[in-house]
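Participant: Just the structure for this:
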Amino acid sequence: MIRVAAVGDIHLGPGSAGLLRPAFDTLGGCADLLLLAGDLTRHGTPEEARVVAAEAAGLPVPVVAVLGNHDYQSDRQEAVADELRAAGLYVLEGDGVLLDLDGTPVGVAGTKGFCGGFAGRSGSEFGEPEMKSFIRCTRASAQALGRALRELREAGSALRIALTHYSPVPDTLAGEPREIYPFLGSYLLAEAMDEEGADLAVHGHAHLGTEHGMTAGGVQVRNVAMPVIGQAFSVYHLSPDGAAARGVPADPGGPVLAEKAGRRRSAARSPGHPAGRSTA
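Facilitator: Reported below is the predicted structural model:
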């Protein structure tokens, strides 16, 4: 059973140093890797990125991240990524990483993603150059995600996780104003996941959204924005052999996603020490 801890939209800056480290230090006992789903900083400066790096450096599990729109705000996204990589984090953008987690090869394909909307209510590559460029950005991101998932499959990954900042489905946006759905994600990301295959999709960005969703092809989607999960991270369980796990019926066709019932860890949740949790 592979235990995947995930959180997004932590929005750290100089004034929040040490906020998440106490919870992150517990990851060795409850997770096999940590995913960071973008918006790690407030304004995308290297100074803020160094705070994030200090929170996540030297943890007992590998840390894989994508950037979010906040991390692009100052046009220093490469410097932000460099700060995180220098601390030992994997920072993905249209590529993937294959991890050996206690003998199980687990692949993470990552991209920030972008906007555009969802089936029946989406933008298209038509009209003004600005509109075509807008949607082409999303399409290129989705194509890169699909390519990374395919390469991970060909490399022998037993489990594949799609990590984005923007949402691939409208399900996890429930609670957000419908008028802004086109700016919260794109169906093109979900199409890439369904075409190439993924066992779990994780994203952030939608602070008022909902945790659970699913693509049309059956990929489980989780919105792990911190305002949604209300903790330093949530933990999801993946079984590479399809065996039943914690009451979830076995699926002979592929891995099973199981999530522990809503028992919070012993560390108290507070603004200074938000604990991780495993969720239903």
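Participant: For residue 234, name its beta-bridge partners.
Facilitator: residue 6, residue 277 (DSSP bridges).
Participant: my guess is it contacts residue 6, does it?
Facilitator: Yes: Residue 234 is in contact with residue 6 according to CB atoms under 8 Å; the separation is 6.1 Å. Quick note: C-beta positions are derived from backbone N, CA and C, even for glycine.
Participant: which residues are in contact with both of these two?
Facilitator: Common contacts of residue 234 and residue 6 (CB atoms under 8 Å, 6 or more residues apart in numbering): 222, 224.
Participant: what ranges do the helices span in the stretch 51-200 of the chain?
Facilitator: All helices of the stretch 51-200 of the chain, identified by DSSP state H, counting those that start in this stretch, fall at 77-86, 129-154, 187-196.
Participant: Could you dump those helices into TSV and include mean pLDDT?
Facilitator: Listed next are the helices of the stretch 51-200 of the chain as TSV, based on pLDDT from 0 to 100:
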stretch	mean pLDDT
helix 77-86	98
helix 129-154	97
helix 187-196	98
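Participant: Of those helices, which stretch is the most buried?
Facilitator: helix 187-196 (a mean of 23; mean count of other CB atoms under 10 Å).
Participant: Next up, the contacts around residue 82.
Facilitator: With CB under 8 Å, 6+ apart, residue 82 has these contacts: residue 46.
Participant: how does it look with 10 Å?
Facilitator: Each residue near residue 82 by CB atoms under 10 Å, 6 or more residues apart in numbering is listed here: 46, 49, 53, 76, 91.
Participant: Please apply the same query to residue 144.
Facilitator: Counted by CB under 10 Å, 6+ apart, residue 144 has contacts 92-96, 109-111, 113, 192.
Participant: Can I take it that residue 237 is in a strand?
Facilitator: Yes: under DSSP: H, G, I helix; E, B strand; the rest coil, residue 237 sits within a strand.
Participant: Go ahead and confirm it touches residue 4.
Facilitator: Yes: Residue 237 lies in contact with residue 4 (CB atoms under 10 Å); the separation is 7.5 Å.
Participant: Perfect, I'm done here.
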